[in-house]
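A.B. asks: Got a predicted model here, sequence first, then my questions.
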Amino acid sequence: MGRTIYLLCSVACFVAALGLPTKASAGALTVSHYRWRNDDGSETTATWKAAEDTAITDVEKNENIRLRFSVAADGASYENRTYSLQYSTSRDGSYTTLPVNATTEAFEMCSTENYTNGQATTKQIDLEAFSYHAGACVENPSNSYGNYTLASDYFTNFEFCINATSNAVDGQTYYFKVYVPQGITVILNPQLTIAEGDIAAPNFSSITPADNSEEVALGSNLIMKFSENIGKTGVGNLTIYDASDDSTVEQINVATGAVTGSGTNTITVNPTSDFEEDTYYYIKIDATAFPDENGNAYAGISDSTTWSFTTADHVEPAISFPTLSSMIPPDDVTGVAIDSNLILKFSENIGKTGVGNLTIYDASDDSTVEQINVATGTVTGSGTDTITVNPTSDFDASTTYYIHIDSTAFPDVDENDYAGISDSTTWSFTTAE
C-alpha cells in the first residue's frame, strides 16, 4: 500500500511540474500558467513574447512588457481577494511587491495605451478543466486588483503591465508570482533575465515625409525620429533614389554638415538640392549610419518600400494684376464739377508709378484735352491703393470726357501692370453746366 501511495504522489508532482491544465488539490486557489507578451496591442490582440510557461531573456530596462496569469479556484470559492504582483531574485527567496513608482525596486507598474486599469480580461490562457470568469488588467496608477471573487471550479486571467527600472541588474534573472494576502498556491514562477547592458538598436518612431506620402514640398528636409538618442553619427550614407529608374539622386555622407541632430533622438538631413516636381523617391540608409549612444546601430534601410514618397506638382503662383475698384468721377456720371481731380482706387497697392500717360479726351470729337505723364508731380499716391491725378486746367462746362490709361502706367509692388483703358466707354463723364 505504501508503494502505491508513493507512485500516485510522484505522478501528481510530475504533472504539477509540467504545469498541465489539471485541477490542483481540492480547496486550493492556484496559479498554474503564465505567458509574457508585448505591449503592442489590446487585451486580445497584443503579441506574445514567448510560448506559454516560457521564460524570456535579454529584457531591456524601461520597456513596457505584460505578464498574464491563469488563476483557478478548485473545490471552493474565494471571495473579495486582492491580487498583486511580486518579484524576487530567486525562486524561493524573499519577494517584493511591484510599486506604482519605484525608488530602489528593480520593477514597477507602468501605464499602457492598450488597455485601461481594471478592464475585464478574456480567456487568453485556458484551463480546460474549469469554467472561465473574467479577471482584470492592471496598470499604473494601480499595482493590484481588489474585491475579486472567484467561484468554485472557475478560473480567470489577470494581466499586469510592468517594466524593469534602472535598478534592475544586468544579466540578473528575476522570478515573479501573484500575491494574495490570504494565500495562493503558485505552481510555476514566471521568470525573465535582464539584458547584459544596452543591446537594443534604435528604430524609427516616425519619419518625415511619411512613407507613401504624396504632395511633398520640393524643399523638404528628411527627418527621422528614433526610439532613443543617436550618438555621434556613424559611418556610411543616406542615399536618395529616383524610383522611376532606380538612379541615385544624391548620396549623403552622414558625417557631413548636411546631417544634424546627433545627441538627440531626431536626425535632420538637408539635401543639397530641392527635389524635382511630381517625382517618386525612395531612401536607403546604411546599417552603420546611426548608432545609439552605446554603439548599437539602427538596422538601416536596404529596400525601395520602407521609406518612399512623391513630390508635389510645381504650380507657378497665380499672378495678381491690379484692377480698378472705383473711379471718381464714376463712369457715366453727369454734373461733375469742372475743377475735379481724377481719382483711381485699385484692388491693391500701386508701386512706384510706371511709364506712360493718362489721357483726357473730348468725346464730341475725340480730340486730346490733356496728356499727363504718370511720372510727373500731377500724379500722386504711389505706394497706396489710391492714385490722384490733378489736371493742369479745369474741365469745360457741359462737356463729356473720356479717359485712356496706358497699360504700363500703374504697376503693383510686384510690377504687375494694371491693364489700362483704351476705349471711350470704360471711364466717361459729363461736367456740370
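C.D. replies: The structure has been received and is ready for your questions.
A.B. asks: what number of residues lie near the residue nearest to L67 when sequence neighbours are not counted?
C.D. replies: Spatially, and ignoring its direct neighbours in sequence, L67 is nearest to F160 (5.1 Å; C-beta to C-beta, 6 or more residues apart in numbering). Where C-beta positions appear, they are placed from N, C-alpha and C, glycine not excepted. Neighbourhood size, F160 [other C-beta atoms under 10 Å]: 26.
A.B. asks: quick one, phi/psi of F160?
C.D. replies: Per-residue torsions, F160: phi -120, psi 140 (degrees, to the nearest 10).
A.B. asks: Against Q119, how distant is it?
C.D. replies: 12 Å (C-beta to C-beta, to the nearest Å).
A.B. asks: domains of the chain?
C.D. replies: 16-194, 204-311, 324-431 (automatic domain parsing).
A.B. asks: Kindly check the end-to-end length of the second one for me.
C.D. replies: End-to-end distance for domain 204-311: 22 Å, by C-alpha to C-alpha, to the nearest Å.
A.B. asks: again with the last one
C.D. replies: Between the opening and closing residues of domain 324-431 lies a distance of 22 Å (C-alpha to C-alpha).
A.B. asks: in the chain, what spans have low per-residue confidence?
C.D. replies: 1-26, 198, 233, 315-317, 353 (pLDDT under 70).
A.B. asks: In space, not sequence, find me the middle residue of it.
C.D. replies: In the chain, the centroid-proximal residue (C-alpha atoms, centre = their mean) is S206; its distance is 6.4 Å.
A.B. asks: In contact with the nearest residue to that one once chain neighbours are set aside, which residues are there?
C.D. replies: Excluding its sequence neighbours, the residue lying closest to S206 (C-beta to C-beta, 6+ apart) is K225, at 4.6 Å. The neighbours of K225, taking C-beta atoms under 8 Å, 6 or more residues apart in numbering as the test, are F204, S205, S206, I207, T208, N265, T266.
A.B. asks: For the residues you listed, which two are the farthest from each other?
C.D. replies: T208 and N265 (13.6 Å; C-beta to C-beta).
A.B. asks: can you pull out the helices in the stretch 51-200 of the chain?
C.D. replies: Using DSSP state H, counting those that start in this stretch, the stretch 51-200 of the chain contains no helices.
A.B. asks: Kindly apply the preceding question to the stretch 251-400 of the chain instead.
C.D. replies: Under DSSP H, counting those that start in this stretch, the stretch 251-400 of the chain gives no helices.
A.B. asks: Strands of that one, residue ranges please.
C.D. replies: For the stretch 251-400 of the chain, applying DSSP state E, counting those that start in this stretch gives strands covering 259-260, 266-269, 280-285, 308-311, 324-328, 333-336, 342-346, 357-362, 367-373, 379-380, 386-389, 400-405.
A.B. asks: circling back to that earlier point, from the contacts of K225, which is closest to V355?
C.D. replies: Among the contacts of K225, and counting by C-beta to C-beta, the member closest to V355 is T208, at 48.2 Å.
A.B. asks: how many neighbours does the closest one have?
C.D. replies: 15.
A.B. asks: so what's it bridging to?
C.D. replies: I223 (DSSP bridges).
A.B. asks: T310 against E215, yeah?
C.D. replies: Yes - between T310 and E215 there is a contact under C-beta atoms under 8 Å: 7.5 Å.
A.B. asks: between those two, which one's more packed in?
C.D. replies: Taking neighbours as other C-beta under 10 Å, T310 and E215 compare with T310 leading, 17 against 11.
A.B. asks: Now do the residue lying closest to E415 once chain neighbours are set aside against I343, distance only.
C.D. replies: Excluding its sequence neighbours, the residue lying closest to E415 (C-beta to C-beta, 6+ apart) is G351, at 6.7 Å. Counting by C-beta to C-beta, the gap from G351 to I343 is 18 Å.
A.B. asks: ok, T311 touching A243?
C.D. replies: No - in this structure T311 lies outside contact range of A243 using C-beta under 8 Å: 11.2 Å.
A.B. asks: need the contact list for I194.
C.D. replies: V59, K61, A164, A168, V169, D170, G171, Q172, T173, Y174.
A.B. asks: Leaving out the residues flanking it, which one is nearest to the fifth one?
C.D. replies: The spatially closest residue to V169, leaving aside those adjacent along the chain, is I194, at 6.3 Å (C-beta to C-beta, 6+ apart).
A.B. asks: Show me what the one you found bridges to in the sheet.
C.D. replies: Beta-bridge pairing for I194 (DSSP bridges): V59.
A.B. asks: Against A200, how distant is it?
C.D. replies: Applying C-beta to C-beta to I194 and A200 gives a distance of 12 Å.
A.B. asks: Equivalent analysis for L344, please.
C.D. replies: 71 Å.
A.B. asks: and if you look at A299?
C.D. replies: From A299 to A200 the distance is 11 Å (C-beta to C-beta).
A.B. asks: same question, I184
C.D. replies: 34 Å.
A.B. asks: Repeat that for Y132.
C.D. replies: From Y132 to A200 the distance is 36 Å (C-beta to C-beta).
A.B. asks: got the contact list for stretch 268-281?
C.D. replies: By C-beta under 8 Å, 6+ apart, stretch 268-281 touches 216, 218-224, 238, 240-244, 249-250, 252, 258-261, 308-314.
A.B. asks: Show the buried residues in those.
C.D. replies: 216, 220, 222, 224, 238, 240-241, 243, 249-250, 252, 258-259, 261, 308-311 (16 or more other C-beta atoms under 10 Å).
A.B. asks: could you pull out the strands for the stretch 1-150 of the chain?
C.D. replies: Using DSSP E, counting those that start in this stretch, strands in the stretch 1-150 of the chain cover 28-38, 56-59, 65-74, 78-88, 96-97, 107-109, 131-132, 136-138, 144-150.
A.B. asks: possible to save these as JSON lines with distance to Y402 and mean neighbour count?
C.D. replies: Shown next, in JSON lines, are the strands of the stretch 1-150 of the chain (distance: least, C-beta to C-beta, whole Å; neighbours: other C-beta atoms under 10 Å):
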{"stretch": "strand 28-38", "distance to Y402": "83", "mean neighbour count": "22"}
{"stretch": "strand 56-59", "distance to Y402": "90", "mean neighbour count": "15"}
{"stretch": "strand 65-74", "distance to Y402": "86", "mean neighbour count": "25"}
{"stretch": "strand 78-88", "distance to Y402": "94", "mean neighbour count": "18"}
{"stretch": "strand 96-97", "distance to Y402": "97", "mean neighbour count": "16"}
{"stretch": "strand 107-109", "distance to Y402": "87", "mean neighbour count": "23"}
{"stretch": "strand 131-132", "distance to Y402": "95", "mean neighbour count": "14"}
{"stretch": "strand 136-138", "distance to Y402": "85", "mean neighbour count": "24"}
{"stretch": "strand 144-150", "distance to Y402": "91", "mean neighbour count": "16"}
